[in-house]
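**Q** requesting a structural model of the entry that follows:
(chains A, B and C)
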Amino acid sequence: MTTAPHEPRVAPPDAPPSALRLHRELSAIWDTPPGWGRLSAVNHTILGKRFIIAAFVFFVIGGLLAMLIRVQLATSGSAFVGPEIYGQIFTMHGTVMMFLFAIPMFEGFAIYLLPKLLGTRDMAFPRLTAYGFWCYVLGGSILVGAMLAGVAPASGWFMYTPLSSSAYTPGISADVWLLGITFVEISALAAAVEIIVTVLKLRAPGMSLDRMPIMAWYLLIVAFMMLFGFPPLILGSILLELERAADLPFFDPTRGGDPLLWQHLFWLFAHPEVYIIFLPAAGAISTILPTFARHELVGYRIIVVAVIAVAFLSFGLWVHHMFTVGIPHLALAFFSAASGLVAIPTAVQIFAWIATLAQGRLRWDVPMLYLAGFFVIFVIGGLTGVMVAMVPFNLQAHDTHFIVAHLHYVLIGGFVFPMMAATYYWLPHFTGRLADHRLSVPAFWLIFGGFNLTFFLMHLTGLLGMPRRVATYAAEAGWDWLNLLSSVGGFVMTAGFALFAADVLMQIRFGKGFRRNPHQARTLEWAMPTPPTPYAFASLPDITDRADRLEPGGLGNRLARGEGYLGFARNRWLETLGVDMVSGRPEQLIVLPGPTRLPLWSGLATCAFVLCLLFKLYLLSLLPLIAVVWLFLGWTAATAAKADLGLLPVGRGRELPPHWEAERPPSWWAMIFTLAGDGTLFLSLVFGALFLWLVAPGWPPGEVVLPAPVPVAGCVAVSVLAAIAGRKAVTVLRAGGSPALWLGLGALMHAATVALLAALAAAVPGPTTHSLHAVTFTLLFYAGLHAGIGLVYAGYCLWRQGGGYLSRRRSLDLRIAALWHDYTAVSTIVALALAVALPLLAVVPETRP
Amino acid sequence: MIDATSGRKILLLSLAAGFGLWAVAFVALYAMLSIGCAFGWDRGSLVLGLSLQRLQLLLLLGIFLALHVALVVGLSARQQRSDTATDRFLHSAARLAAIAALAASMFTYCGTVLLTTCNP
Amino acid sequence: MLAGATVIFLATSLALAGAFIPSIRPLLTPKRLILWGGLVVPSLGLTALVAGAFTLGERLLPRQGAETLRIEVVARQFAWEFRYPGTPVATRDVLHIPVGRDIDFAVTSEDVIHSFWIPRLGGKIDAIPGHKNIVRLRADAPGTYGGICAEYCGEGHAPMRFIVIAHAPEDYEAALTSEAAR
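**A** Predicted coordinates:
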């Protein structure tokens, strides 16, 4: 063993401490300070609960808005609110429920449960969890604050242009949506990267992929969907905000833009979004149901395949929201068939659950009651889904209340009911108290009855022709009695949710305590004290079987006594293990950061930046932007080591390197996945450019100018050199030399790239005159931004080199930066190629009518 | 050692191979369809009463279906050689997904044979 | 479709119920349930449904034909304008059509996105600025039909309605002439 000549201490204590002493020692390291110190929390148990509570608050807000809608529609010719306010109400209802309730609610459950299910001590990037939380809460507050100020967005949650463009929605209401939601989505993307890396790298030793609890598969796949699903919308929001703020005509049909581009980008996100919401709920069902069926989940492998199928298929059906925009029949057929097809993997899951029940011996309890509600509602919602996937029927039902009914059957049936089941199932885990179910059953019947009264009838209202998003309707239409009954149902359902909330509060306050594993579940989250300790597991288990058929009771006791890995405290380090992503063989010791307020400050700085953009204080916005960059650089101080540690004992006779000396630590993978998301954003931009060329009216523009060849060639050369310098720096450092020269060269080349791109962008003729020029300008800006960040990276690496933080073993910073440099070079070349190709393509004569 | 682990990461990717191919086919067919409509390839007939538009789409579909079949065959052959339980699990799941994706491609893109390609 | 959905719903419920009935349980092996319930039955149903939808969709397409009449529809916040090619007539919020004849409506918008829909005559089509979309409709009985805007288009969305008057073929020209005189 290589021992460092000075601190830190690397050897574990000779004799394992007693369970109680181990608990005290680990708590002292992992605990979040009380009082104002709570703002520094980065622990997944705390942040998971905060996400869930905040999401529930937004659910209440969205629910109240729904009540206002039902009051308005209860009778014909209603004058409860005017159409302007009504527009704000239904827009905010959809926005709050989709972005501020559903996604964060599942993120909350994922953050709370995932490390516990995987047998590790925290998420891979605890500070990122906290930063995501602050982005979410601050972004949500901007939206709700705007609503209270009466300037909420009012163009529908889908924000179709040109209605949401500055010509038809002046003022800041649309900017509130575009900036606020994009801000919130940062948190969703952060969560996606974090969930992927956590599932792939931070499992218990021995937990190979085929031994993962099924929930981990669901969350892994959903996180990938988020990583590829959110960027199109983020790009769309950025483009629309650019159009509103800087008059770049991406969506303006009079200047070569096309409102259909927005619809494509929006639904390319928003349809996978539905499955992003449903699949975690399905994962919860696949976890809860086997416990009560007293039989392991049937068809584990086929379910994994089915979820993969759903994940892909859900990206191939976005146009079924756009069947009426005049797309050729064959194209509609692709989307229609894919929309119908997605029913099959869903049916496979449902029948696997039925098979599990048929194999086991059911124990009836409240979570199962809520799951029964799910079965009924979701199957109906799925069937109406197949109906509206068929083009001819869709042409009738589109934008009527039939769709409103369908989507609520799918979302409430497919998400809210399973989440309520999950709440009752894991509440004892949250609180350490057993449930007493006197109120849970009447709450269920109120919600279930009220729901069906509201939305089953709405199918009929829609078939009778009532369109969506109307503030009033005429009495002659004959929709009064249906709407009145729907409104009554809505209020019954609200009463049910109030009872549910009261019930949960009562159980938190008055539930009886219990020892361990009250449901006789067989997954790892029950192999720990409840309510959970901040370090989750006193020592990490060695997994030898599938992790949903374990004996958590006995295992929990052994782990508490420190008989697993890392059953000791050292150096005040927050330690956990990193594994090989396929086999689960432990390969590195991961030291996590402790409580810190950096995420809060970073979140506030980001919020200040967003507010500056919102109020059009562009010059001032540079200040918070610099603060954000500076704070993020501050995050890296925690992982700065000045000496090589070599192999460290991790218990059970094993020795592993700390993660900053490992070849593939979580942060390296995080960069890979971040770049994958970034690349999706870039591809969406490329798609947008080609789409405008093919479909938008008003092409070609009057003036077509090719970029000058010399700066284009020069720009390709310097960006490739920057990437080569980044790679050489790594090789030189690993060979024992100093990478300073190569780092300096890399910085220089990035600076040259930025300068050349700026010159090219300045030569683009009038970006506000035509979408071709606007798109070219944006492509160049994208590349320039990446080269600029590359410059920051190179500077940062030079600083780390100067501070003595780099060595042959500690080359991680350079390897992560090299990934960025490579990506920047590739995206710069593609952007330049497109900037040259677009003007050439634009003048090819098209023959379309 | 290093070879073994990198090989197994490809195994993880192979789970997504089948439906990844389906997605690429989707993008390719949709893109070529739009390009063909923009340039009027659907008008007139080239051979056997088929328009250029129909022919190029059918050719594309044929290529992708062949790739799908090749993937299923390839994964089935590799399945014989997996040694650990994890490898066997990943192989068989990837093969199942590839078969499902082949079926999905046939179902999703069958309209290429007959349906009207462009707005009149 | 409704009947089919009901049958599927009942069948799924029965499968679920069967899981609790001792005499049926042994028949419900996991393989059978997943294979038949999850794969075979839904695939067959979907294939039939999709084939039917494709055929119907092809029939609804507005193909070139001598018999069709063309009417231009222009939507704007918050009114509908109808133009009748070959005549100088333009009507606002009132649409005259002859019965018993396929009519191609060429729909566009001058400002934001609207959607042209006469619920009793068939499907809707979006009115998108910069695009001209065509929907083919046909009324078989004379009379008055209601038309609405089906895509949210701003504060005046709900009242953005129009009236469709379907005339017998012999009365249609007269109706247009009297509109022209107005």
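
**Q** what does chain B have sitting close to chain C?
**A** When proximity is defined as Cβ under 8 Å from any Cβ of the partner chain, chain B approaches chain C at B:107, B:111, B:114, B:115, B:116, B:119, B:120. Bear in mind the C-beta positions are built from the backbone N, C-alpha and C, glycine included.

**Q** which parts of stretch B:38-51 are buried?
**A** B:38, B:39, B:40, B:41, B:42, B:51 (16 or more other Cβ atoms under 10 Å in any protein chain shown).

**Q** need the residues you listed in CSV with secondary structure, can you?
**A** Listed next are those as CSV, based on DSSP: H, G, I helix; E, B strand; the rest coil:
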residue, secondary structure
B:38, helix
B:39, coil
B:40, coil
B:41, coil
B:42, coil
B:51, coil
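
**Q** which one among those residues gets closest to chain A?
**A** Distances from chain A to those, taken as Cβ to the nearest Cβ, are shortest for residue B:40 (3.7 Å).

**Q** does any part of stretch A:194-209 sit near chain B?
**A** Yes. Using Cβ under 8 Å from any Cβ, stretch A:194-209 reaches chain B at A:208, A:209.

**Q** show me the shaky parts of chain B.
**A** Within chain B, the segments meeting pLDDT under 70 span B:1-8, B:79-82.

**Q** helices or strands up against the longest helix along it?
**A** Longest helix in chain B by number of residues (criterion: DSSP state H): helix B:52-79. If contacts are counted by 3 or more Cβ pairs under 8 Å, 6 or more residues apart in numbering or on different chains; DSSP states H and E, helix B:52-79 sits against helix B:17-38, helix B:85-109.

**Q** gap between the strand or helix carrying residue A:678 and the chain center?
**A** Assigned by DSSP states H and E, residue A:678 belongs to helix A:666-695. Put simply, helix A:666-695 sits 16 Å off its chain's centre (Cα atoms, centre = their mean, to the nearest Å).

**Q** also stretch A:396-408?
**A** So, by Cα atoms, centre = their mean, the centroid of stretch A:396-408 is 27 Å from its chain's centroid.

**Q** do that stretch and chain C meet at all?
**A** Yes. Interface with chain C: stretch A:396-408 contributes A:396, A:398, A:399, A:400 (Cβ under 8 Å from any Cβ).

**Q** near chain B, which residues of the stretch 151-300 of chain A?
**A** Residues of the stretch 151-300 of chain A lying near chain B (Cβ under 8 Å from any Cβ): A:208, A:209, A:210, A:211.

**Q** now the residue nearest to residue B:45 when sequence neighbours are not counted: how far from residue B:119?
**A** Among residues not flanking residue B:45 along the chain, residue B:51 sits closest, at 5.6 Å (Cβ to Cβ, 6 or more residues apart in numbering or on different chains). Going from residue B:51 to residue B:119 by Cβ to Cβ, to the nearest Å gives 14 Å.

**Q** what do you get for residue A:172?
**A** Following Cβ to Cβ, the distance that separates residue A:172 from residue B:119 is 38 Å.

**Q** try residue A:689
**A** Taking Cβ to Cβ, one finds residue A:689 at 23 Å from residue B:119.

**Q** how close does the spatially most central residue of chain C get to chain A?
**A** For chain C, residue C:123 is the residue whose C-alpha lies nearest the centre (Cα atoms, centre = their mean; 1.0 Å). With the distance defined as Cβ to the nearest Cβ, to the nearest Å, residue C:123 ends up 3 Å from chain A.

**Q** am I right that that residue is in a strand?
**A** No. Counting by three-state DSSP, residue C:123 is not found in a strand; it is coil.

**Q** that one reaches residue C:57, doesn't it?
**A** No. The pair residue C:123 and residue C:57 does not pass the contact test of Cβ atoms under 8 Å, sitting 10.0 Å apart.

**Q** what do the two both touch?
**A** Shared contacts of residue C:123 and residue C:57, defined by Cβ atoms under 8 Å, 6 or more residues apart in numbering or on different chains, comprise residue A:392.

**Q** please enumerate residues in contact with stretch A:833-849?
**A** A:686, A:689, A:693-694, A:699-701, A:704-707, A:712, A:760, A:772, A:775-776, A:779-780, B:37-40, B:119.

**Q** cool, stretch A:262-273 as well?
**A** A:98, A:103, A:158-161, A:225, A:228-230, A:232-233, A:235-236, A:239-240, A:251, A:311, A:314-315, A:317-322, A:325, A:684, A:687-688, A:691.
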